[in-house]
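**Student:** can you look at this prediction? I've put the sequence above it.
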Amino acid sequence: MDIIVGTAGHIDHGKTSLVKTLTGTDTDRLPEEKQRGITVDLGFAELTIGEIHFGFVDVPGHERFIKNMLAGASGIDLVLLVVAADEGIMPQTREHFDICRLLQIKNGLVAVTKKDIVDDEMLELVRTEVTEFVAGTFLDDSPIIAVSSRTGEGIDDLRDALAAAAARVTTLPDTQITRLPIDRSFAVKGFGSVVTGTLISGKIGEGDELELFPARRKLRVRGVQSHGEKVNEAHSGRRTAVNLAGIEHHDVERGMLLAEPNSVELFQIFDAEVEMLPDAKPLKTRQRVRLHIGTAEILARVAVIGGDTVAAGEKGFVQFRLESPVVTVIGERFVIRSYSPQMTIGGGSVLFPNADKLLRRNAEKQKEFLGRLAVAIDRSDTVLQLLVEHSGETGITRAKARSATGWTTEHFDRSVDRLRSTGELLSVDGTCISANAFRGLQQKVLSEVERLHDADRLAPAVSIEKVRSGVLRQIPSQIENAVLTSLAAANKLSIDGDEVRLSGRGSQLSESETKALDTMREVLVDAALEVPKIEDVLAAAMASGISKDVARKLFQQLVDSGEVLRVGSDFAFSSKVINNLVEKLRSFASSVPDRSIDVAKFKEVAGVSRKYAIPLLEYFDQQKITARRGDKRLII
């Protein structure tokens, strides 16, 4: 079992000495730390008790180095709150403890140090003070162990208490992609660049490819150490050192992140739920703050959702607009510090990394959505369902959903499959859309096709492009295709190439339009091959009381249906008449050796003048019924 322990407490309360006594490792590694006798930056040590392997992150207590403390707080399983017996609770004790609560660290214990320099009465006073201080928090009823790092008194009891506290740590299934927030970067002679951090999810093995954010550089892992030992693979929850190929150590800095390639995106806007400390000033819209997330410190502006402030001691929903991009996922915890003077004022959890810039008119709707997300934060299926519902008719792509949640491919697919089986969502070519939104799109398409039918009653079908521009303009092509295909499969639409119509519906004609259509048919059939010009056919139809524009549309219907064949620009013939003429030609062809015919003979066979013969022969050439050979035609 691997447990990450983070120290917390005021400067000079003996955190580093206690870790050294417990583990044998002096975590003060910098010359400045040795010279001044205080911890300036993060220090690391290991301890094994039975089957439990502890990785200690020793953090600085000085107010000036709180941001370094925050960089070490991500990934902590257990907090060791250190209070000196000669001073009791001090300002940085309170701030460190507030940070632990805001990061929702759920387990820990208290060490009262320097017991050897106070009497029993003072020691008991400090115990009482600590008991009152942690009352009602995650350390309520946790053991308070008095120790002396100088004499070793109480250290064995502390080790036992650590082991007991570790047993209470709940190990959650690792459903997220590999993410390693970087807290140190340095060079090792003969190996090159090495970065360290607490592996908060996933695993890293020798030979793996990882992506460095925000640089977006893909790098190869040359080697891995976990808790100071070379390993083939490091797993989540362990202190991890990664030897990287292809980059200089000075190009990597604290606050960067290593992650599974092509799995997450950088965001500069995200929505979150925040909790303000009781003694903090209200958090206001447009306020500039310092966000500590993972090992990164980022400046941001605040937009309170559904109001202008979040009061001290209260919770609320806000949007953070970051001054530099960050990788974050739903549920990730963060701490807020004021811009100046720098002090911890609150914290919270990321709810929606995919956020667009908040508009006041959408604030209440977004607030309701975030409220539902906050309640469902630990239920994967509900989170995915809410993301899909929020995406509306455009749906959410697999890549975007995975980037927001940080889930592994396997976990994401299982959640999708469960929601599909219950009918909550559809997955269309890598895009998820809610079943309700999909049904809504189907109804919109049917209504739009009906509207277009009504707008042009004479047209037997409508253009898909018109439907697209009317109700599908912002819809991804894969969802558009799925909607149309599903309606056709349900026999609600008929699709023919680039046209669509409601099943069973053609043109809707009035009595006068029907009469005009019949008139055109009669004129063309009665005229046989000596038809009037098209303009004269239209004029005959207009005698039924319709406009010329309507007459043209009705005539086009006859052409589109194949009932009438247009020959040249001036003439149109009944298809029955033309088919009869083709039969005559082929009968004539069988009676002559070379199957050829000239214009004069064609006029005789067809019984028409040159006025019709030439356009008809040119039409037959186009249709490959005849083929011109000099001054004759071969009848095919």
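**Tutor:** Arrived safely.
**Student:** give me the residues contacting stretch 546-566.
**Tutor:** 456, 458-460, 507, 509, 512-513, 516-517, 520-521, 524, 534, 537-538, 541-542, 572-575, 578, 619 (C-beta atoms under 8 Å, 6 or more residues apart in numbering). C-beta: built from backbone N, CA, C; applies to glycine.
**Student:** out of these, which end up buried?
**Tutor:** Among those, those buried by neighbour count (16 or more other C-beta atoms under 10 Å) are 458-460, 507, 509, 513, 516-517, 520-521, 524, 534, 537-538, 541, 572-575, 578, 619.
**Student:** out of those residues, which sit inside helices?
**Tutor:** 513, 516-517, 520-521, 524, 534, 537-538, 541, 575, 578, 619 (DSSP state H).
**Student:** any idea which of those is least confident?
**Tutor:** Confidence by pLDDT is poorest for residue 513 among these, given 80.
**Student:** relative to residue 551, how far out is that one?
**Tutor:** Plainly put, residue 513 is 9 Å away from residue 551 if you go by C-beta to C-beta, to the nearest Å.
**Student:** pLDDT averaged over the helix or strand where residue 124 lies, what's the number?
**Tutor:** Using DSSP states H and E, residue 124 sits in helix 120-134. The pLDDT scores in helix 120-134 average 91.
**Student:** which residues touch residue 170?
**Tutor:** residue 106.
**Student:** how about it, secondary structure?
**Tutor:** Following DSSP: H, G, I helix; E, B strand; the rest coil, residue 170 is assigned to coil.
**Student:** which strand is the longest one in the chain?
**Tutor:** In the chain, taking DSSP state E as the definition, the longest strand is strand 315-326.
**Student:** from the chain's centre, how far out does it sit?
**Tutor:** Offset of strand 315-326 from its chain centre (C-alpha atoms, centre = their mean, to the nearest Å): 17 Å.
**Student:** what comes up buried for whichever helix or strand comes after that strand?
**Tutor:** Per DSSP H and E, the first helix or strand lying C-terminal to strand 315-326 is strand 333-338. In terms of neighbour count (16+ other C-beta under 10 Å), strand 333-338 has its buried residues at 333, 334, 335, 336, 337, 338.
**Student:** average model confidence for stretch 85-100?
**Tutor:** Here the average pLDDT along stretch 85-100 is 86.
**Student:** could I have the CA atoms of it written out in PDB?
**Tutor:** Coordinates of each C-alpha in stretch 85-100 appear next as PDB, following Å, rounded to 0.1, in the frame of the first residue of the first chain:
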ATOM      1  CA  ALA A  85       4.300  22.500  22.200                       C
ATOM      2  CA  ASP A  86       6.000  25.800  23.100                       C
ATOM      3  CA  GLU A  87       3.800  27.900  20.800                       C
ATOM      4  CA  GLY A  88       0.600  26.100  20.000                       C
ATOM      5  CA  ILE A  89      -1.600  27.100  17.100                       C
ATOM      6  CA  MET A  90       0.000  29.900  15.000                       C
ATOM      7  CA  PRO A  91      -1.000  31.800  11.800                       C
ATOM      8  CA  GLN A  92       0.600  29.400   9.300                       C
ATOM      9  CA  THR A  93      -0.900  26.400  11.200                       C
ATOM     10  CA  ARG A  94      -4.300  27.900  10.500                       C
ATOM     11  CA  GLU A  95      -3.500  28.600   6.800                       C
ATOM     12  CA  HIS A  96      -2.000  25.200   6.200                       C
ATOM     13  CA  PHE A  97      -4.900  23.500   7.800                       C
ATOM     14  CA  ASP A  98      -7.400  25.600   5.800                       C
ATOM     15  CA  ILE A  99      -5.600  24.600   2.600                       C
ATOM     16  CA  CYS A 100      -5.800  20.900   3.600                       C
END
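**Student:** circling back: how about the buried residues of strand 333-338, which pair is most distant?
**Tutor:** Using C-beta to C-beta, these span at most 18.4 Å, a distance reached by 333 and 338.
**Student:** where does the stretch 51-200 of the chain dip in pLDDT?
**Tutor:** Within the stretch 51-200 of the chain, the segments meeting pLDDT under 70 span 59-75, 172.
**Student:** residue 545 should be in a strand, yeah?
**Tutor:** No - going by three-state DSSP, the assignment for residue 545 is coil, not a strand.
**Student:** which residues touch it?
**Tutor:** Residue 545 touches 512, 516, counting by C-beta under 8 Å, 6+ apart.
**Student:** ok, how many other residues are close to the residue nearest to residue 499 when sequence neighbours are not counted?
**Tutor:** Spatial nearest neighbour of residue 499, excluding adjacent residues (C-beta to C-beta, 6 or more residues apart in numbering): residue 461 at 3.9 Å. Using other C-beta atoms under 10 Å, residue 461 has 22 other residues around it.
**Student:** which residues are in contact with residue 461?
**Tutor:** 494, 496, 499, 500, 501.
**Student:** can you check residue 322 too?
**Tutor:** Taking C-beta under 8 Å, 6+ apart, one finds 267, 268, 269, 270, 291, 298, 299, 300 in contact with residue 322.
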